[in-house]
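K.L.:
coords please:
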Amino acid sequence: MATAALTFLLTIGAVACTTQADDAPAHTVATRDDPEFTGTFQHEFATVDDVRMHYVTGGSGPPVVLLHGWPQTWYGWWPIMPELAEHHTVYAVDLPGLGDSTGAPTGYDKATLARYVHTLIAEQLVPHQPGFAPSRRPARTLAAPAESPSTSSTRASGRHTDSTHLTPLLDGQTLTDAAPGVRDARVIGHDLGAAVAFQYAARFPADTARLGYLDLPLPGPAMDAPTYRSLSWHIAFHSQRRVPEAIVGDDVREYLTLFYPQVSFGGTAFGGTSERSPFTDAEIDEYARTYHRPRVLSGGFELYRALDKDVRDTEAAKPVRVPTLLMTAQGQLDPVRATVAPRMTNIVRAVDVPKAGHWLVEENPEFVTEELLRFLDP
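P.N.:
Next up is the predicted model:
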């Protein structure tokens, strides 16, 4: 009888543990069992103009903001985040409407997305101080581009976090009293996230310390929208209204699985025949988890449908003068630089990544990490 009772209790315990794991929030699935993540990083959410933005943060030191492209999320930076976090406070952001950021932004043009990211980074976050819990401020509406010093005087006070921590800073001071906003961000973007990073630096230069621009021809005066759409079948396809949603439908994972190798090193986009993907099945599962949601799938395609406005916004933007790092796929440095040079006047380092196609981080993480650290810590 005692043996039967013990067996029953063990069974109940096992079921409870399984249920608890299955009930874990979806955004933690890829990271909850990774000690490298749980020891340093955490998932956070903040609301900006009715968009609940998801980001992952960890580390200590000067702030680095990482912006993903399509079809990825913050997770596209994961291979290099632990090493970056040894020297920096890292914020890997899911762009509005993508990944685990929920709600619809007012537009998917890169200038609008940059304003959402800027409101999160420069208005809500309290700068990390070694030994103290990170914090952020309450929901905010979008900030206008910083045109005058008076803008900063209008910021609201207060603070809210999903896991509230009030930790003393100085005698009698709390994080609530700390100066709001991260105002010296090193903003790094890949793919269409690079265009968001450019707009961030162009519109908010006083809040941008450095710009990292990874593997994207810049829509703008050097390349108009029709020319841009002619670069690749997928750009033209994704730019169509409703068509990609109807075709991709419920086959999101298969579509991503077929797409990733095409723009990898030696893939068909670069004139090769390789069908090798740099992504593991687990990584594809994580991206498919978010992009299978109809609103996120459409949001990803809207990034491409905004190309005409992106061109106009780039033409209207002031040249970016902050120190800039340009990295591209192997063999693509000159054509990409030709599109960005008219709008980035202080490119201090330009390099293509050996043995890497479009997926620079996945295909050569050691090289990318070394270049970023050298650039971020001159």
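
K.L.:
Just the buried residues of stretch 332-352, please?
P.N.:
Using 16 or more other C-beta atoms under 10 Å as the burial criterion, the residues of stretch 332-352 that qualify are 332-333, 336-337, 339-340, 343-344, 347, 350, 352. (Glycine included, C-beta is placed from N, CA and C.)

K.L.:
So which of those are in helices?
P.N.:
333, 336-337, 339-340 (DSSP state H).

K.L.:
possible to save these as CSV with distance to Arg295 and pLDDT?
P.N.:
As requested, those are arranged in CSV below (distance: C-beta to C-beta, whole Å; pLDDT from 0 to 100):
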residue, distance to Arg295, pLDDT
Leu333, 36, 98
Val336, 31, 98
Arg337, 35, 98
Thr339, 31, 98
Val340, 31, 98
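
K.L.:
The residues you listed into CSV, with extra columns for distance to Gln124?
P.N.:
Compiled in CSV, those are given as follows (distance: C-beta to C-beta, whole Å):
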residue, distance to Gln124
Leu333, 36
Val336, 32
Arg337, 34
Thr339, 32
Val340, 29
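
K.L.:
between these, which is nearest Ala202?
P.N.:
When those are compared for distance to Ala202 (C-beta to C-beta), Val340 wins out at 11.6 Å.

K.L.:
Apart from its neighbours in sequence, what residue is nearest the closest one?
P.N.:
With C-beta to C-beta, 6 or more residues apart in numbering as the measure, Leu218 is the residue that lies nearest to Val340, at 4.6 Å, once sequence neighbours are left out.

K.L.:
Tell me where the stretch 1-150 of the chain has helices.
P.N.:
In the stretch 1-150 of the chain, the segments counted as helices under DSSP state H, counting those that start in this stretch are 2-22, 35-38, 81-85, 110-118.

K.L.:
Go ahead and name everything in contact with the shortest one.
P.N.:
Contact with helix 35-38 is made by 31-32, 78, 82, as judged by C-beta atoms under 8 Å, 6 or more residues apart in numbering.

K.L.:
Filter these down to just the buried residues.
P.N.:
In terms of neighbour count (16+ other C-beta under 10 Å), the buried residues within the contacts of helix 35-38 are 31, 78, 82.

K.L.:
Please name whichever of the contacts of helix 35-38 scores lowest on pLDDT.
P.N.:
Comparing pLDDT over the contacts of helix 35-38, the lowest score belongs to Arg32 (92).

K.L.:
where's the nearest residue to that residue once chain neighbours are set aside relative to Ala30, distance?
P.N.:
The spatial neighbour of Arg32 that comes closest, neighbours along the chain excluded (C-beta to C-beta, 6+ apart), is Ala24 at 5.7 Å. Between Ala24 and Ala30 the computed distance is 11 Å (C-beta to C-beta, to the nearest Å).

K.L.:
hang on, the earlier thing: out of the buried residues of stretch 332-352, what pair is the most spread apart?
P.N.:
Across these, no pair lies farther apart than Arg343 and Asp352, at 19.7 Å, counting by C-beta to C-beta.

K.L.:
who's in contact with the residue nearest the centre of the chain?
P.N.:
A centroid search over the chain (C-alpha atoms, centre = their mean) returns Leu67, at 2.6 Å, as the residue closest to the centre. With contacts taken as C-beta under 8 Å, 6+ apart, Leu67 has the following neighbours: 93, 95, 117, 187-190, 193-194, 196-197.
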